[in-house]
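[1] Sequence and predicted structure below; questions after.
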Amino acid sequence: MKVLSPAISPYRRPWLRTDVLAGLATGAVVIPQAMAYATVAKMPVQIGLYTCMVPLVVYAFIGCSRTASVTTTSTIATLTASTMIGAGIAAGSPDAQSHLITLTLLVGVFLLIARLLRLGSVIENVSEATLTGIKVGVGLTVAVAQLPKLLGVTENPSATGFFGMLWSAVRQIGDANLVTVAVSIVSVTLLLLIGRFAPLVPGPLVVVVLGIGLAAFGGLPSMGVALIPEVPQGIPLPGLPALDHIGQLVPGALAIALMAFLETAAVARGVRRADEPPIDADRELSANGLAAVLGSFFHSLPPAGGFSQTGMNLRAGARTQVSGLVTALLAVFVALFLAPVLSNLPQATLGAMVVVAVLGLVDIGALARLYRFDKVEFTLAVIVAVFGLTVGLLPAVAVGVLLTLYLVLRELNQSHVVALIDGRAADPDAAVVPADPLVLRFQIGLYAANLRTNTAAVQRLATEQDPRPTAVVLDLSRLPRVSTTVLDGWRDMESALADAGIEVRYAAMRPGVHDMARRWPWWAEVEAQGRYFDTVAAAVARE
């Protein structure tokens with residue numbers, strides 16, 4: 001049977017061996033990492049294990065990227081925890097997993113609605129500065145949240161936010177368990193050294209095996225080192241969503257859907273090889289959405305692509321999403337046969353894996369590049385990061401989206417009018433050479449957001465000429481469309497220029513745009529007066 005997914009098809013038999021080996025190597029990183037991220041989401045570790053099953057399979061058959069590993073990320077796990085807490089759902093409560101099904105299902109539904117509306121390319125316009133700021137907030141907040149595990153002290157459930165959790169941990173340093181601290185230091189050191197000097201070695205698997213071995217044979221529990229709760233054996237049975245907190249979960253689900261798509265699309269584009277199919281943003285929405293919808297019923301966290309696990313996939317030689325299918329099969333094997341062994345894993349080991357993974361999100365280099373390139377974008381990133389550290393990550397996402405919208409509107413609301421001399425655009429920074437008629441061109445499309453600025457620029461360029469022209473010819477060839485707002489704006493501009501004794505002529509609309517304009521009564525008057533011309537030359541030549 002032919003596989004239609006561009007992430008697998010066409011397939012070559014020699015790739016099978018490398019895909020299988022890559023899937024196993026990636027699973028050795030992804031599975032323990034996803035289990036660690038489940039604790040970030042305030043969920044049992046097996047939820048992370050389950051997230052490595054259905055979402056990977058769904059993405060493999062629907063997604064675009066041949067090598068992206070789609071399970072979950074620290075950002076998604078953190079937003080999941082924030083959403084659940086904000087909705088009043090206590091971590092560890094009997095119905096917490098039912099509410100997680102609801103949340104993941106909502107995320108998938110929102111992604112599929114965005115696909116139906118073909119919003120993929122629109123959503124991807126969220127600025128890199130916003131994402132950088134969110135990642136800084138996530139990285140520092142999640143790292144600080146691991147301190148109780150690393151120190152072997154009791155987590156304070158009332159301590160929230162970066163500063164609250166940091167202060168709570170600092171106050172308990174005197175109660176730290178020295179053996180737990182030693183396990184944490186050894187785990188962090190090993191992860192950093194392996195990542196730096198042996199990137200092909202699955203560092204998370206190494207520290208997990210070491211931690212389990214020390215717990216089982218080295219007597220760590222008797223020394224006060226806390227282990228993770230018992231991991232149930234077996235694959236997840238389908239569950240049903242809880243419906244009593246839907247309203248409270250919707251805002252967080254929207255934020256998670258946004259970040260899940262942005263992370264997955266960024267990973268997919270970042271690892272695409274030149275000979276691989278292009279990444280279709282709308283198809284990625286479908287893949288991410290269906291992975292969340294189907295995964296939700298099997299107790300999955302909201303899925304998203306991650307750079308760290310995808311990087312391991314690439315380094316191991318993965319060619320297609322067959323490697324992802326192998327990773328999913330490995331997760332099923334672990335759940336069926338190794339769950340009792342996983343129950344011997346120290347909490348400190350999980351905390352160390354999370355800290356090493358999330359500190360990479362605090363990209364000082366990216367902030368420095370933003371500072372050198374554009375102080376406004378740097379300020380945006382800092383504002384979003386500060387919101388994440390003080391108010392919370394969900395408000396930070398909202399602020400980031402609003403600030404991105406502000407930057408887009410600010411850029412749109414610039415004048416993009418140039419004078420034409422002998423059919424060529426003059427230097428926008430040079431003084432306009434007096435001409436009669438004066439020929440001007442809109443360089444970009446006109447919308448409600450930039451109409452007033454551009455019509456005002458036409459009025460200014462026309463009225464500041466000495467001598468003042470008797471006519472202005474507007475070259476409309478660059479406009480992809482017109483709206484009633486734009487046509488009414490031109491009418492108001494005409495009135496102002498008429499008061500100055502200047503006639504306005506229009507020229508060179510695209511056929512489809514011209515057809516749209518003809519449907520508006522005022523434009524019919526323009527044409528009846530003979531002030532529209534098929535070419536700029538004809539408009540200039542009219543006496």
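    Looks like it came in fine. Residues are numbered from 1 along each chain as shown.
[2] low pLDDT regions in the stretch 51-200 of the chain?
    For the stretch 51-200 of the chain, no stretch is flagged by pLDDT under 70.
[3] switch the cut-off to 80
    91-92, 94, 121-127, 157-160 (pLDDT under 80).
[4] Show me the helices in it, by range?
    For the stretch 51-200 of the chain, the helices defined by DSSP state H, counting those that start in this stretch cover 54-62, 74-86, 96-116, 120-123, 128-145, 147-151, 161-171, 178-197.
[5] Which pLDDT value goes with Ala430?
    Predicted confidence (pLDDT) at Ala430: the value is 60.
[6] May I have stretch 280-299 as CSV, with CA atoms only?
    Only the C-alpha atoms of stretch 280-299 are listed here, as CSV (Å, rounded to 0.1, in the frame of the first residue of the first chain):
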residue,chain,number,x,y,z
ASP,A,280,3.2,23.6,4.3
ALA,A,281,2.1,25.7,7.3
ASP,A,282,-1.6,24.6,6.9
ARG,A,283,-0.6,20.9,6.7
GLU,A,284,1.4,21.3,9.9
LEU,A,285,-1.7,22.8,11.5
SER,A,286,-3.6,19.6,10.5
ALA,A,287,-0.9,17.3,11.7
ASN,A,288,-0.4,19.1,15.0
GLY,A,289,-4.2,19.3,15.5
LEU,A,290,-5.0,15.7,14.8
ALA,A,291,-2.0,14.5,16.9
ALA,A,292,-3.5,16.5,19.8
VAL,A,293,-7.1,15.4,19.2
LEU,A,294,-6.3,11.7,18.9
GLY,A,295,-3.5,11.8,21.5
SER,A,296,-5.8,13.5,24.1
PHE,A,297,-8.0,10.4,24.5
PHE,A,298,-4.8,8.4,25.3
HIS,A,299,-3.7,10.8,28.0
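[7] Any idea how far that stretch is from the middle of the chain?
    15 Å (CA atoms, centre = their mean, to the nearest Å).
[8] I'd like the average pLDDT over it.
    95.
[9] ditto for stretch 511-531
    93.
[10] Give me the contact list for stretch 395-402.
    Under the contact criterion CB atoms under 8 Å, 6 or more residues apart in numbering, stretch 395-402 has outside partners 79, 126-127, 130-131, 133-134, 137, 255, 258-259, 380, 383-385, 387-388. C-beta coordinates here come from the backbone N, C-alpha and C atoms, glycine included.
[11] and Arg452, what does it touch?
    Per CB under 8 Å, 6+ apart, neighbours of Arg452: Gly489.
[12] Using the three-state scheme, assign it.
    helix (DSSP: H, G, I helix; E, B strand; the rest coil).
[13] before we move on, back to that, which one of the helices of the stretch 51-200 of the chain lies closest to Ala357?
    Comparing the helices of the stretch 51-200 of the chain by their distance to Ala357 (CB to CB), the top pick is helix 74-86, with 6.0 Å.
[14] Pull out the buried positions in the closest one.
    By 16 or more other CB atoms under 10 Å, the buried positions in helix 74-86 come out as 74-85.
[15] now for it, which elements pack on it?
    helix 15-40, helix 96-116, helix 128-145, helix 246-271, helix 347-359, helix 393-412 (3 or more CB pairs under 8 Å, 6 or more residues apart in numbering; DSSP states H and E).
[16] will you turn those into CSV that also has distance to Asp175?
    Output for those, formatted as CSV (distance: least, CB to CB, whole Å):
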stretch, distance to Asp175
helix 15-40, 21
helix 96-116, 28
helix 128-145, 17
helix 246-271, 33
helix 347-359, 15
helix 393-412, 28
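[17] Same list, the ones you listed, but as a markdown table with mean neighbour count and distance to Phe337 please.
    Conversion of the helices and strands packed on helix 74-86 to a markdown table gives the following (neighbours: other CB atoms under 10 Å; distance: least, CB to CB, whole Å):
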| stretch | mean neighbour count | distance to Phe337 |
| --- | --- | --- |
| helix 15-40 | 24 | 13 |
| helix 96-116 | 23 | 23 |
| helix 128-145 | 25 | 30 |
| helix 246-271 | 22 | 30 |
| helix 347-359 | 26 | 20 |
| helix 393-412 | 18 | 36 |
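[18] Quick check: which of those is nearest to Ala216?
    helix 347-359 (12.7 Å).
[19] So which residues lie in contact with that closest one, not counting its own?
    Counting by CB under 8 Å, 6+ apart, 32-33, 35-37, 39-40, 45, 74, 138-139, 142-143, 146-147, 149-150, 152, 180-181, 183-184, 187-188, 191-192, 195, 203-204, 207-208, 210-211, 225-228, 308 sit against helix 347-359.
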